[in-house]
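In: Turn this into a structure:
(one chain, ligands or ions: 1)
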Amino acid sequence: MKVLLVFAHPESRSLSGALRDVAVRELEAQGHEVRVSDLYADGWKSEVDRADFPSLEPDARLIPVAASKKGFEANTLTGDVKAEIEKLLWADTLILQFPLWWFAMPAILKGWVDRVFAYGFAYGVGEHSDRRWGDRYGEGTLVGKRAMLIVTAGGWEEHYTPRGINGPIDDLLFPINHGILYYPGYDVLPPFVVYKVDRLDETGFEPVAEQLRDRMRTLATTAPIPYRRQNGGDYLIPSMNLRPELGDPGAIGFALHSNQAGDAN
Ligand code: FAD
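Out: As a prediction, this is how the structure comes out:
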């Protein structure tokens, strides 16, 4: 397999950095090709602005969606963005690795998504009509590829359970797993999350490293989260609402969009 690991931590000697090295070493030991985009080390520019669209006339109003579409179609996006798109097309598997900061990814990684997931590449793909709502959520440019998150969190695992005060981890990561990764077509694997890391010591490290090695060994065979495909018949078009007969009656929220129960369609 070809694996791209996008790493978002400012310190290479961090726990995150050590876990990245564990993951890369294990993947290479399994014979996989690995490339790493180390966003801080590379000085990644995180904000979307005019500089991203060199072909935009100096006095033209910047409309990010339109500029992204035009830049992608005309191949005039900046070199750093084009290089990341090339890596995404090269890789069969994408890993995003980051510390949980304010219940989300660090801004530098969000900025990587904002700039690299261009219109015509990651969104705005496929036919938009009253029969289809584009190729997204299970279809799209990156279909057939796998993706997963490696996340470290200061909070306790219990605090991220369904009744935990922080909210369920699957809900917190839903905008990334479903909104960013499943959207352009990836099969999304369950995340690897390490909790209570701020007080982790050397003896605590090895069991975590071994669990991570195991996830790297099973990267090609782990069952993805069973998100419902947009165009698979589960949703009404154009409301894009889940059909009333699907999902638990009365259920609301993110879990509806994952077909854990394996209901029809
Ligand atoms: P580090 O700080 O580098 O290390 C953590 C511990 O691991 C240290 O004690 C270190 O000695 C030890 N360690 C053990 N083995 C090794 C090794 N081999 N190499 C290196 N270190 C090792 N947490 C939440 O749960 N929810 C939040 O919303 C949240 N928001 C945050 C927002 C901000 C701005 C910040 C700074 C932190 C936040 N945190 C939050 C905590 C954050 O998730 C953790 O601090 C982070 O995940 C720790 O990962 P790290 O790689 O930075 O660890």
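
In: So residue 109 is in contact with residue 6, correct?
Out: Yes: contact criterion CB atoms under 8 Å: residue 109 and residue 6 qualify, at 6.9 Å. Just so you know, the C-beta spots here come from the backbone N, C-alpha and C atoms, and that holds for glycine as well.

In: Pull up the overlap in contacts between these two.
Out: 39, 96 (CB atoms under 8 Å, 6 or more residues apart in numbering).

In: So the residue nearest the centre of the chain: helix, strand or coil?
Out: For the chain, the residue nearest the mean C-alpha position is residue 181 (4.0 Å; CA atoms, centre = their mean). Put simply, residue 181 is helix when judged by DSSP: H, G, I helix; E, B strand; the rest coil.

In: Just give the closest residue to it, not the sequence neighbours.
Out: Excluding the flanking residues, the one nearest residue 181 by CB to CB, 6 or more residues apart in numbering is residue 147, at 4.4 Å.

In: In three-state terms, label the one you found for me.
Out: strand.

In: for it, what are its contacts?
Out: Contacts of residue 147 by CB under 8 Å, 6+ apart are 93-96, 181, 186-189.

In: do you know how far the residue nearest to the centre of the chain is from residue 113?
Out: According to CB to CB, to the nearest Å, residue 181 and residue 113 sit 10 Å apart.

In: can you check residue 220 too?
Out: Residue 220 is 24 Å from residue 113, by CB to CB.

In: ok, these two, which is more surrounded?
Out: The neighbour comparison of residue 220 against residue 113 (other CB atoms under 10 Å) goes to residue 113, with 18 against 11.

In: Just the helices from the chain, written as ranges.
Out: Along the chain, counting by DSSP state H, helices occupy 15-29, 64-73, 79-90, 107-116, 169-176, 202-217.
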